[in-house]
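Novice: Just a sequence and a predicted model for now, questions to come.
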Amino acid sequence: MSGGSVVVVDHPLVQHKLALLRDRSTSVRDFRALAREITLLLAYEALRDLPLADRTVTTPLAETAAQRLAGKKMAVVGVLRAGLSMVEAILELVPSARVGHIGLYRDPVTHLPVEYYKKLPAEIRDREVLVVDPMLATGGSAVATLDILKAKGVARPRLVCLIAAPEGVGAVHEKHPEVPITLAALDSHLDDHAYIVPGLGDAGDRLYGTK
Ligand code: PRP
Ligand code: URA
């Protein structure tokens, strides 16, 4: 497919929750909760190479060697609107992260992303950046988001999605081969409307009950 890195997290908890998330009979309330839980588990994997520094900590019993995060401060960038659900989950793990929003929708005919909003933290280039969007379909939205971040000087953002199609992974790796992608599933293909098959349908509609 490409030389870029893709990690599909095959942990049983992720796969169990993903099966429930895909199910058309899952309620909006449960869908939201599952998206949050899977995001927490994917972020755990996506951030496993964050640098640590040795520290000394004094427990109530003794002084001991310990480690604390030592690298850049973090920013999480959500692609509106479905990415919002994932932003909230990441903030539970990294409460001090700054948050950026990129508003994109897919044109229903061309399936190309149309930008309608952009607000990013100041000096985002100095941060470790995690881009979150549940669906990586054609890859147009992810590539547009990564283009914006690169133009701001972000060197190596990470991308976390719930489900991807091979077409989307290929598009990201063609334009941004250094971006690591973490997923719960890499599905079969896109249908004629550029929806991921088997996928889960429209992530935004299922999260917000808009259809
Ligand atoms: C969905 C999803 C991605 C995009 C993926 O958003 O959240 O942003 O589609 O498709 P792509 O890889 O082909 O670009 P959508 O455009 O449906 O907007 P929404 O989140 O506002 O519902
Ligand atoms: N956006 C979605 O929400 N679902 C898909 O399958 C593709 C794009």
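Specialist: Looks like it arrived, so ask away. Ligands and ions are numbered 1, 2, ... in the order given.
Novice: Run through the residues of this protein sitting next to ligand 2.
Specialist: Applying Cβ under 6 Å from any ligand atom, we find that the chain lies next to ligand 2 at 135, 137, 195-196, 199, 202-204. Where you see a C-beta, it was placed from the backbone N, CA and C, and this is true even at glycine.
Novice: now, which of those lie close to ligand 1?
Specialist: Among the residues of the chain next to ligand 2, proximity to ligand 1 is found for 135, 137, 202-204 (Cβ under 6 Å from any ligand atom).
Novice: Surely Arg32 is in a helix?
Specialist: Yes - judged by DSSP: H, G, I helix; E, B strand; the rest coil, Arg32 forms part of a helix.
Novice: what sits against it?
Specialist: Residues touching Arg32, when contacts are defined by Cβ atoms under 8 Å, 6 or more residues apart in numbering, comprise 85, 207.
Novice: so what's Lys152 closest to, chain neighbours aside?
Specialist: Here the nearest residue to Lys152 in space, its sequence neighbours aside, is Ile124; by Cβ to Cβ, 6 or more residues apart in numbering that works out to 5.4 Å.
Novice: what ranges do the strands span in this protein?
Specialist: Counting by DSSP state E, one finds strands in the chain at the ranges 6-8, 52-58, 63-69, 74-80, 98-106, 113-119, 128-132, 135-136, 158-160, 163-164, 181-183, 185-186, 189-190, 196-197.
Novice: Counting neighbours, which of the ones next to ligand 1 among the residues of the chain next to ligand 2 end up buried?
Specialist: When burial is judged by neighbour count using 16 or more other Cβ atoms under 10 Å, the buried members of these are 135, 137, 203-204.
Novice: Closest to Asp23 out of those residues?
Specialist: Looking at these and their distance to Asp23, the nearest is Ala203, at 13.9 Å (Cβ to Cβ).
Novice: Correct me if wrong: the closest one contacts Ala137.
Specialist: No - Ala203 lies out of contact with Ala137 (Cβ atoms under 8 Å); the separation is 9.8 Å.
Novice: Within range of ligand 1, give me the residues from this structure.
Specialist: The interface of the chain toward ligand 1, taken as Cβ under 6 Å from any ligand atom, is made up of 79-82, 104-106, 111, 113, 133-142, 168, 194, 202-204.
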